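Colleague: Got a predicted structure here, sequence first:
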Amino acid sequence: MNPKRELIFLRTFAVSITALIGVLTTVAFKNKGNTQFDTIDVKRINIIENDGTVKMLITNAANFPSKGDEINGRVYHERKKRAGMLFYNEEGIECGGFIYDGKKTDKGHSSGLSLTFDQYDGDQVMQLITTDAKKNGKRYKAGRLVFNDRGDNETQEIAQKISKELRAINDPAERRAKFKEYQQKGMIGGVPRVALGQTPGKQNGLFLYDSNGKTRAKFIIDEENKIKLEAYDEKGNTVSAWPEVK
């Protein structure tokens with residue numbers, strides 16, 4: 001065969017094979033049927049809608065969205081990286097998540113789990129959380145379902161800007177005053193209102209808080225297995241108790 005014709009033939013063959021592989025690959029990934037796997041090793045999975053909007057992601061700690069990362073057109077602020085899942089609403093705004101961690105430390109260990117659901121374009125209003133920390137031989141465990149109040153004018157973008165502003169204020173008193181100002185405007189901050197579960201002090205029961213986040217009532221079984229129903233004023237003084245304190 002003529003060398004020139006042979007070269008043309010080889011080029012044509014290579015192009016044809018490449019095109020065939022491309023077609024087969026495209027068809028394979030467009031197949032709407034179910035594909036089964038025994039094991040998948042993956043660092044992160046983005047669940048997306050047809051328009052590309054991320055609705056949920058499952059990730060290892062290294063690929064957890066943090067400072068500078070962008071999802072659905074929103075750039076993230078700095079936060080601790082943890083393995084877990086994040087949820088997004090129809091507008092691509094983060095609306096909750098499931099995270100967990102746990103490791104040994106120099107003085108014991110630290111671990112936790114948190115499942116949260118956010119108010120629209122805000123932070124968490126419902127949280128299922130457990131913590132387990134051991135330090136210097138003493139162990140602190142707690143687990144509870146918490147319902148929070150958050151500001152009516154809070155948005156994730158506003159909260160990030162305010163947080164950045166507060167970090168730049170060096171004077172603690174000035175920083176607290178500025179935080180309180182934004183909190184009163186309903187632009188930042190949240191307080192627990194209802195909690196059901198166990199505290200680190202081994203009190204198991206129902207806890208009720210006022211709009212300032214202060215405990216106003218609790219119905220518990222304490223670490224000595226005693227049942228208590230107590231109510232408090234805004235300064236924390238007991239105003240009513242059952243059984244009555246004698």
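Modeller: Thanks, I have the structure now.
Colleague: quick one: Asn204 and Lys218 touch, right?
Modeller: No: distance between Asn204 and Lys218: 10.4 Å, which falls outside the contact criterion (CB atoms under 8 Å). Where you see a C-beta, it was placed from the backbone N, CA and C, and this is true even at glycine.
Colleague: and these two? which has more neighbours close in?
Modeller: With other CB atoms under 10 Å as the criterion, Asn204 and Lys218 differ in neighbour count, and Lys218 comes out ahead with 18 against 15.
Colleague: Specify the beta-bridge partners of that one.
Modeller: Phe207, Glu230 (DSSP bridges).
Colleague: and it, what does it touch?
Modeller: Gln203, Gly205, Leu206, Phe207, Leu208, Lys228, Leu229, Glu230 (CB atoms under 8 Å, 6 or more residues apart in numbering).
Colleague: Return the per-residue confidence for it.
Modeller: Lys218 carries a pLDDT value of 96.
Colleague: Give me the three-state assignment for Ala177.
Modeller: Secondary structure for Ala177, judged by DSSP: H, G, I helix; E, B strand; the rest coil, is helix.
Colleague: Quick check: it vs Asn50, distance?
Modeller: Using CB to CB, to the nearest Å, Ala177 is found at 49 Å from Asn50.
Colleague: More neighbours: these two, which one.
Modeller: A direct count of neighbours by other CB under 10 Å for Ala177 and Asn50 places Ala177 higher, at 11 against 5.
Colleague: Distance from stretch 175-183 to the middle of the chain?
Modeller: Taking CA atoms, centre = their mean, to the nearest Å, the mean C-alpha location of stretch 175-183 is offset from the chain mean by 24 Å.
Colleague: buried sites along stretch 104-123?
Modeller: Buried residues in stretch 104-123, defined by neighbour count with 16 or more other CB atoms under 10 Å: Ser110, Gly112, Leu113, Ser114, Leu115, Thr116, Asp118, Gln119, Asp121, Gly122, Asp123.
Colleague: oh sorry, the question was meant for stretch 40-60
Modeller: Thr53, Val54, Lys55, Leu57, Ile58, Thr59.
Colleague: and what of stretch 172-183?
Modeller: Neighbour-count burial for stretch 172-183 [16+ other CB under 10 Å]: Lys178, Phe179, Tyr182, Gln183.
Colleague: after the worst-scoring helix or strand of the chain on mean pLDDT comes which helix or strand?
Modeller: Among the helical and strand segments of the chain, the one scoring lowest on mean pLDDT, DSSP states H and E is helix 3-30, with a mean of 65. Scanning the chain past helix 3-30 towards its C-terminal end, the next helix or strand to appear is strand 44-48 (assignment: DSSP states H and E).
Colleague: That next one - contacts with which helices or strands?
Modeller: Taking 3 or more CB pairs under 8 Å, 6 or more residues apart in numbering; DSSP states H and E as contact, the helices and strands that strand 44-48 lies on are strand 54-59.
Colleague: Centroid-nearest residue for the protein?
Modeller: The centroid of the chain falls nearest to Gly97 when counting by CA atoms, centre = their mean (4.2 Å).
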